[in-house]
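Q: Fold the following for me, if possible:
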Amino acid sequence: MSIDENILRETGAFIHAYIQEDLKGRTHELSTRFPPEPNGYIHIGNAKGVFINFEMAKLYGGKYCLRYDDTDPSKEEIEYVDAIREDIEWLGYELGDRVYFASDYFQTMYDCAIVLIKKGLAYVCDLSADEVKSTRGSLSEPGKPSPYRERGANVNLNLFTRMKDGEFADGARTLRAKIDMASPNMNMRDPVLYRIAHKTHYRTGDEWCVYPMYDFAHPLEDAIEGITHSMCSIEFEDHRPLYDWCVDNLDFPVKPRQIEFAKSKISNTVMGKRYLKPLVENGTVDGWDDPRMVTVRGMRRRGYPPAAIRAFLGHTGVSKSMSSYDFSLLEHYIREHLKTIAKTVMAVLDPIKIILTNYPEAKTETLTMENHPEDPEMGSREVPFSREIFIEREDFMEDPPNKFFRLSPGKEVRLKGAYFITCEEVMKDCDGRVTELRCVYDPETRSGSGFDGRKVKGTLHWVSAAHAVPITAKLFETLVTDAPETEEGFAFNPNSLVVKENAVGEPCLASAKPEDRFQFMRNGYFCLDEKDSANGKPAFNRTVSLRSSYKG
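A: Below you'll find the predicted structure:
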């Protein structure tokens, strides 16, 4: 499944217009970036940012890079650095040596701040964070200038140097841009460029105790790297004048253009690190890679193919207005891709035993079954058949309604790839629960034997009891319900995870690998969960059901 470039061109028309205008007569090529903060794992919303920036670069024959915006030492960890790169490359974007860090530019950013101070465009302010907030004004009232706004350049240079040298406590002073306290854009009312933070940075150690703010660091990072188009989410639109101010007042050969696009919402999902991190920390989910989460790690563990995720992102496109998509649309793209690559096998998730009373006790047959009903090139496999088999409990009813075409007393059904069987006796425990079925088989009805006699409407999947591999099957629904968010948080779905501990599967499942995809006949698409597979008992995650609720 490949990305439809026409979708990218049509839905991102406003981005293409900017790019084509800017590259006209320019000597340098398009250059984009994805700039995550290494303070958590990336999710499908971040993946859209990766997709837009990287696919646009590929479309125009340009280049792209990954740059960690690691300017906040209090939240960043090398664990997230490694995970983000791995997840992006798993999505299908090779990075090679195009991986950069904002922390590599700390000296350059400091030097840029010195330039602004010398130009009279930045000053050291002694107001506390609360005092700065109280003087910023409102949308209807201008802000009040800091009493330290008119300090001379030499005083500011001295104080800023002492800030860097660690003479002052956290929060004692900041470096602020000197722009316009009456600007209608609140971001232009002398924003803070640098703050003091006596924190050990995971890369630079204790070399620095002043760190640039995001709104100052980000445009500088883009300009230093020669980024031509900085594509980001719509919440940064009001920050664009400050982005341009920083670049315009410093001497860079390439002045990047910031372009904003709208985020996309997916129903019944939780996105955003500020929401995801508490779920991980309080144990609501099984880590950042919980298959119910739409983190890239979670989607990978659940079995979502990266090509299908990219196809979904291409379909949702790029726009200036917020768009919402039903979770079923994402599942549609996953399902459509898995239809073409998943091998069909038989697994019984809620087994009930059948004894074929007229089948020889010592006999075992080997049946040949296709690996994909619509793709002969995927070959076939050998499946053992014996006197005792398992079927799904829901495939039997003692007193069935009309149009129940599965197994019931006196009724004949076909076992997939095997024989016709008829139920003759139902065994129950003291509570009346069915524990076992006694059936007879018709040896003349073996699949592939040329039998052309009576017809039956029901075909059941099964597993030979003597050869069954014990497995755990995990079935997922959306993590949250349709109910709105509450003051306590999201309305979690109590049925988001159902675990079938007593499931069984064909022998081939014993050698399954993490990247293998299977269609468990009539039960959905599954993949091996390496994390939960232990002690010789494989665990399988249901990636998506067979039936789609998408109305496309």
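Q: beta partners for residue 68?
A: residue 101 (DSSP bridges).
Q: That one: what's it in contact with?
A: By C-beta atoms under 8 Å, 6 or more residues apart in numbering, residue 68 lies in contact with 35-38, 81, 84, 99-103. C-beta: built from backbone N, CA, C; applies to glycine.
Q: which among those residues end up buried?
A: Listed as buried from the contacts of residue 68 are 35-38, 81, 84, 100-103; burial here means 16 or more other C-beta atoms under 10 Å.
Q: Which parts of the chain are helices?
A: 5-11, 13-23, 44-59, 78-90, 106-118, 129-134, 153-164, 214-225, 240-248, 273-281, 296-302, 306-316, 327-341 (DSSP state H).
Q: now the shortest one, how far from the centre of its chain.
A: The gap between where helix 129-134 is centred and where its chain is centred comes out at 38 Å by C-alpha atoms, centre = their mean, to the nearest Å.
Q: Then the second one?
A: Remark: helix 13-23 is offset 29 Å from the chain centroid, using C-alpha atoms, centre = their mean.
Q: Rounded mean pLDDT for that helix, please.
A: For helix 13-23, mean pLDDT rounds to 85.
Q: buried set for that helix?
A: Buried-residue list, helix 13-23, by 16+ other C-beta under 10 Å: 15-16, 18-19, 22-23.
Q: same question, the fifth one
A: Of the residues in helix 106-118, those with enough neighbours to count as buried (16+ other C-beta under 10 Å) are 106, 109-110, 112-114, 116-117.
Q: From the contact counts, what lies against that helix?
A: Applying 3 or more C-beta pairs under 8 Å, 6 or more residues apart in numbering; DSSP states H and E, one finds that helix 106-118 contacts strand 122-125, helix 153-164, strand 174-177, strand 192-196, strand 210-212, helix 214-225.
Q: Mind doing that once more with 6 Å?
A: For helix 106-118, the packing partners by 3 or more C-beta pairs under 6 Å, 6 or more residues apart in numbering; DSSP states H and E come out as helix 153-164.
Q: quick one on the thing from earlier: show me which of the buried residues of helix 106-118 is closest to residue 379.
A: Nearest to residue 379 among those, counting by C-beta to C-beta, is residue 106 at 56.7 Å.
Q: Please name the nearest non-neighbouring residue to that closest one.
A: Nearest residue to residue 106 in three dimensions, chain neighbours excluded: residue 208, at 5.7 Å (C-beta to C-beta, 6 or more residues apart in numbering).
Q: Need the pLDDT of that neighbour.
A: Residue 208 is given a pLDDT of 98.
Q: returning to what we had before: now tabulate the helices of the chain in TSV and tack on distance to residue 530.
A: Conversion of the helices of the chain to TSV gives the following (distance: least, C-beta to C-beta, whole Å):
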stretch	distance to residue 530
helix 5-11	34
helix 13-23	39
helix 44-59	22
helix 78-90	14
helix 106-118	39
helix 129-134	46
helix 153-164	47
helix 214-225	36
helix 240-248	43
helix 273-281	19
helix 296-302	8
helix 306-316	17
helix 327-341	18
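Q: Residue 383 is in contact with residue 365, correct?
A: No - using C-beta atoms under 6 Å, residue 365 is not in contact with residue 383; the gap is 9.1 Å.
Q: of the two, who's got more company?
A: Neighbours were counted for residue 365 and for residue 383 using other C-beta atoms under 10 Å; residue 383 has more, 22 against 14.
Q: Run a quick neighbour tally on residue 358.
A: 12.
Q: no, scratch that, I was asking about residue 265
A: Residue 265, neighbours per other C-beta under 10 Å, totals 12.
Q: can you tell me how far it sits from residue 321?
A: Counting by C-beta to C-beta, to the nearest Å, the gap from residue 265 to residue 321 is 12 Å.
Q: picking that back up, now the buried ones among the contacts of residue 68 in CSV, with pLDDT and distance to residue 236?
A: As requested, the buried ones among the contacts of residue 68 are exported to CSV (pLDDT from 0 to 100; distance: C-beta to C-beta, whole Å):
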residue, pLDDT, distance to residue 236
35, 97, 11
36, 96, 14
37, 96, 13
38, 96, 19
81, 97, 23
84, 98, 19
100, 98, 20
101, 98, 20
102, 98, 16
103, 98, 21
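Q: I'd like the residues you listed as CSV, with distance to residue 423 appended.
A: Shown next, in CSV, are the buried ones among the contacts of residue 68 (distance: C-beta to C-beta, whole Å):
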residue, distance to residue 423
35, 63
36, 58
37, 61
38, 60
81, 60
84, 55
100, 67
101, 67
102, 69
103, 70
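Q: now, which of these sits nearest residue 123?
A: For the buried ones among the contacts of residue 68, the nearest to residue 123 is residue 102 (23.6 Å; C-beta to C-beta).
Q: and that closest one, what does it touch?
A: By C-beta atoms under 6 Å, 6 or more residues apart in numbering, residue 102 lies in contact with 69-71, 217, 221.
Q: any low-confidence regions in this protein?
A: Along the chain, the parts satisfying pLDDT under 70 run over 1-11, 25-28, 449-452, 483-489, 549-552.
Q: In the record's domain split, what are the boundaries for it?
A: 5-261, 351-467 (automatic domain parsing).
Q: Could you say which of the ones you listed is packed most deeply?
A: domain 5-261 (a mean of 18; mean count of other C-beta atoms under 10 Å).
Q: Can you give me the end-to-end span of stretch 285-300?
A: 16 Å (C-alpha to C-alpha, to the nearest Å).
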